[in-house]
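# give me a 3D structure for the following:
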Amino acid sequence: MLNKIKSWFSVPQSEVALTHDFLDPSKKTILIIDDDLPQHDKSSGSKRLFELLKLFKKLNLNIVFLPNNGLKLEPYYTELKQYGVEVLLNNPDRKGLLKTLNQLLNKIDYAWISRPMLNIEFQKLIKKNKNTKIIFDTVDLHFVRMLRQAENENNEKLKRKALKFKKLELELANKSDATITVTDTEKVLLENENIKNVYVVPNIHQLQIPLQEISFKDRKGIVFIGGYKHEPNIDAVKWFMHEILPKIWNSLDKIPVYLLGSFPTNEISAFANENVFVPGYIEDVSEYFLKSKVFIAPLRYGAGMKGKIGQSLEFGLPIVSTSIGAEGMNLIHENNVLIADEADDFANEVIRLYQNENLWKEIKENAFKAIVAYTPKVVESKLETIFKNLGA
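Prediction:
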């Protein structure tokens, strides 16, 4: 199946060729490959990867980053350079980029490759150096997300596609020296398929405790965040707006709703009115988390750890989520989150949380405790174990 998928090419962009003397011979070298430079302020996947780069630096590794599109996106390129990350760009085009990569192959100890399609693209090339350890970062298990969407939409064609993708992801995992999932749930799924050397590397979060806390009675509104290039987020907002919010407004009047996130589609933007705000990309969203009363994650399908849930936990903003939204973070209903999977139940939980100060305070306090498992120190320890086991 892998051999049937061809390479794709990116827009040329010139860049000064690397001399390779940036690699400290006393350190091991890790190559990271993703679709583009991590735009950490626009998606949870990019935020996770950006935080991982910082941890790789703490682990005393030379770091080389290859964006598959070969483009020098600012300010992200400059940020990586400031962290001591070398970036391979089109030089002057993709052919030059791949030539530079070939010249580096014998210096690479670990290749951390994101997502299935990039592993198809690069695993064989990188394995020219038999000593390089391939690390397949699933980001999320695509076949799980696709199967859930197919079930939600009763779509047999998508189900067949998902099963083909499952075969592909398992094949890639078998060819890798280590496979990374973001949750224990996905790790167990792969191990049940006889995949070896599976490790959990979750999203990375830090507590965001303000100097002056805004009280329950002074907060107002419901907030959601999610990039709208991701289909599960679009579905979540549509379900919430059509089937859940009318029930909430019927009980709580028209409290404000903030639909945050980059790249809102025309369909999402059309929800905007005097009570619903769709601002698009905002560099700093902290104000919304600090002043709103409830965070919602009405995800009906998806996979992996949801960055939006972690982001809300960082601020201690109480959450109402579906089971799929809360998946993989060991969250407990009525302890650190409220969980509901039907529209009526979801609306009722939002209303209850919005009105019950004692419940709100309990969920908030426990939310801060829940995020500790995803702090940089904990994830750094997980990475140390992976590299120790891989040797190289």
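# from here on, contacts and neighbour counts on C-alpha atoms
Noted.
# so how far is Ala303 from Gln39?
Distance, Gln39 to Ala303, by Cα to Cα, to the nearest Å: 21 Å.
# I figured Gly226 hits Ser262, correct?
Yes. Judged on Cα atoms under 8 Å, Gly226 makes contact with Ser262 at a distance of 7.1 Å.
# overlap in contacts of the two?
Jointly contacting Gly226 and Ser262 under the rule Cα atoms under 8 Å, 6 or more residues apart in numbering are Ser43.
# neighbour count for those two, which is higher?
Between Gly226 and Ser262, counting by other Cα atoms under 10 Å, Gly226 is the more crowded of the two (25 against 20).
# the residue positioned nearest the centre of the chain and Leu66: what is the separation?
For the chain, the residue sitting closest to the mean C-alpha position, by Cα atoms, centre = their mean, is Gly45 at 2.6 Å. Relative to Leu66, Gly45 is positioned 16 Å away (Cα to Cα).
# and what of Ser381?
The gap separating Ser381 from Leu66 is 25 Å, by Cα to Cα.
# now stretch 341-350: how far from the chain's centre is it?
Centroid separation between stretch 341-350 and its chain, computed with Cα atoms, centre = their mean, to the nearest Å, is 26 Å.
# got the contact list for that stretch?
For stretch 341-350, the external contacting residues (Cα under 8 Å, 6+ apart) are 240, 243-245, 247-248, 294, 300, 320-323, 338-340.
# mind checking what secondary structure the closest residue to Phe315 other than its chain neighbours has?
Of all residues not flanking Phe315 in the chain, Gln208 sits nearest, at 5.0 Å (Cα to Cα, 6 or more residues apart in numbering). Of the three states, Gln208 takes coil according to DSSP: H, G, I helix; E, B strand; the rest coil.
# now the residue nearest to the centre of the chain: which helix or strand?
Assigned by DSSP states H and E, Gly45 belongs to helix 44-58.
# equivalent analysis for Lys369, please.
Assessed by DSSP H and E, Lys369 sits inside helix 357-370.
# what's the first helix or strand after that helix?
Assigned by DSSP H and E, the successor of helix 357-370 is helix 376-390.
# what helices and strands are in contact with that following helix?
Where contact means 3 or more Cα pairs under 8 Å, 6 or more residues apart in numbering; DSSP states H and E, helix 376-390 is packed against helix 44-58.
# and the next helix or strand past the helix it packs on?
With elements assigned by DSSP H and E, the helix or strand that comes after helix 44-58 is strand 62-67.
# so for that next one, what's the average pLDDT?
For strand 62-67, the mean pLDDT works out to 97.
# what packs against it?
Applying 3+ Cα pairs under 8 Å, 6+ apart, we find strand 62-67 packed against strand 29-34, helix 44-58, strand 86-87.
# go with 7 Å
Under the contact definition 3 or more Cα pairs under 7 Å, 6 or more residues apart in numbering; DSSP states H and E, strand 62-67 sits against strand 29-34, strand 86-87.
# could you give the angle of it to helix 44-58?
Orientation check (axes from the mean of the first three to the mean of the last three Cα atoms, to 10 degrees): strand 62-67 against helix 44-58 gives 160 degrees.
# partners of strand 62-67, with directions?
Paired neighbours of strand 62-67 in the sheet (DSSP bridges): strand 29-34 (parallel), strand 86-87 (parallel).
# how near is Val337 to Asn155?
31 Å.
# how about Ile113, secondary structure?
Put simply, Ile113 is strand when judged by three-state DSSP.
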